[in-house]
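below is the sequence, then the predicted model.
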Amino acid sequence: MLPGIFPFGIITGVAMVASGIEPLAAMLMSLAVFAGASMVASAQLLASGSPALLVILATLFINLRFMMYSASLRQHFARAPLRMRLLVAYLTADNAYGLLLGREGDESSKLGYFLGAGTFIWSAWQIAVAAGILIGAGLPASWRLEFAAPLAFIAMSVPLLRDRAMVGAAIAAGIVVIAAQGLPLRLGLVAAALTGIAVGLLLERKRA
Amino acid sequence: MSIWLVLAAMAVVTYFLRASFLLLPPEVETPPLLKRALRYVPAAVLTAIWVPEVFAPGDERLLAGVVAMAAAWRWRGTFATIAAGLLALHLFEWLT
């Protein structure tokens, strides 16, 4: 798991400062938001002078998957004390969620496992982002490291395309986002997300 | 709006999404359609983020994107994908 966190954290830090956001703001974003994909995307939007509301809306859509995780984690931790659930929520990340899925055991051993793994992943992630911010601030623009951001999203999305419905959701979202590029405020992202979800549901129903 | 307010709003929105279902009382059921719909969020949203950055006909970014997609499918790792994509970007830029 760690070999994935460090490079992605470093790349996130590099990509954020490469797109033009202040190093201090980038680090604070990492601590407060703790969600790599939305951090890279909003750093790009902020640096290109997009309206604040759009940055927040993009964050909402990119991080909607955490709502999915939260619905799934609830099946394990619904009966845990509130402060534990609040902590679980803060530590929820793609890797921590993925680790828990492969874990057997009762609710309290799973909770301990999730909190332990989550804290570890959180710490490794913050160190990696800080390193990336420090490195990124000193790298020449001719290396075109800002392109690492879309590449990181390719790395996250392509392995998800394991069945027909997922492929359909991704292709539909890709087509709509290109077709809707003329829309103001990058609302194409919202339209693409909704279309992709609808297409995924339709294809799933046909198969069943 | 200052960047600090945007950061605070991003943090609140993201935390709310993470906490959402965990805050419901145990006896409340998650609506099945919502659960199924949420399954497609990552594939749809993540794809919609990178496609406009890569889809530039005749540009080396498109070719680099194709190489990165192949690398992501083959190795399923962030680092391999980014390394392959950046190398391809510079290679195609140098060739054209």
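Received the coordinates, thanks.

any idea which helix or strand carries the residue sitting furthest away from the middle of chain B?
What lies farthest from the middle of chain B is B:Glu27; by CA atoms, centre = their mean that is 33.2 Å. B:Glu27 belongs to no helix or strand when assigned by DSSP states H and E.

least trustworthy helix or strand in chain B by mean pLDDT?
Within chain B, confidence by mean pLDDT, DSSP states H and E is lowest for helix B:32-39 among all helices and strands, at a mean of 86.

residue contacts, the residue in chain B that chain A sits nearest to?
Nearest to chain A in chain B, going by CB to the nearest CB, is B:Ala44, at a distance of 2.6 Å. Where you see a C-beta, it was placed from the backbone N, CA and C, and this is true even at glycine. By CB atoms under 8 Å, 6 or more residues apart in numbering or on different chains, B:Ala44 lies in contact with A:Ala169, A:Ala170, A:Ala172, A:Ala173, A:Ala192, A:Ala193, A:Thr195, A:Gly196, A:Ile197, A:Gly200.

let me see the contact set for the nearest residue to A:Ala25 once chain neighbours are set aside.
Nearest residue to A:Ala25, sequence neighbours excluded (CB to CB, 6 or more residues apart in numbering or on different chains): B:Ile3, at 5.5 Å. By CB under 8 Å, 6+ apart, the contact list for B:Ile3 reads A:Ile21, A:Glu22, A:Ala25, A:Leu46.

next secondary structure element downstream of the helix or strand hosting the last one?
When you say that, I think you mean A:Leu46. Here A:Leu46, judged by DSSP H and E, is contained in helix A:36-47. Per DSSP H and E, the first helix or strand lying C-terminal to helix A:36-47 is helix A:52-62.

mind listing what's buried in that next one?
The neighbour-count check on helix A:52-62 (16 or more other CB atoms under 10 Å in any protein chain shown) flags A:Ala52, A:Leu54, A:Val55, A:Ile56, A:Leu57, A:Ala58, A:Thr59, A:Leu60, A:Phe61, A:Ile62 as buried.

re earlier: biggest separation within the contacts of B:Ala44, which pair?
Every pair in these was compared (CB to CB); the two farthest apart turn out to be A:Ala192 and A:Gly200, at 12.3 Å.

what's the overlap in contacts for the two?
Counting by CB under 8 Å, 6+ apart, the contacts common to A:Ala192 and A:Gly200 are A:Ala172, B:Ala44.

contact partners of whatever helix or strand A:Gly174 lives in?
Taking DSSP H and E as the definition, A:Gly174 sits inside helix A:164-179. Contacts to helix A:164-179, defined as CB under 8 Å, 6+ apart, come from residues A:157, A:160-161, A:188-189, A:191-193, A:195-204, A:207, B:40, B:43-45, B:47-48, B:51-52, B:55.
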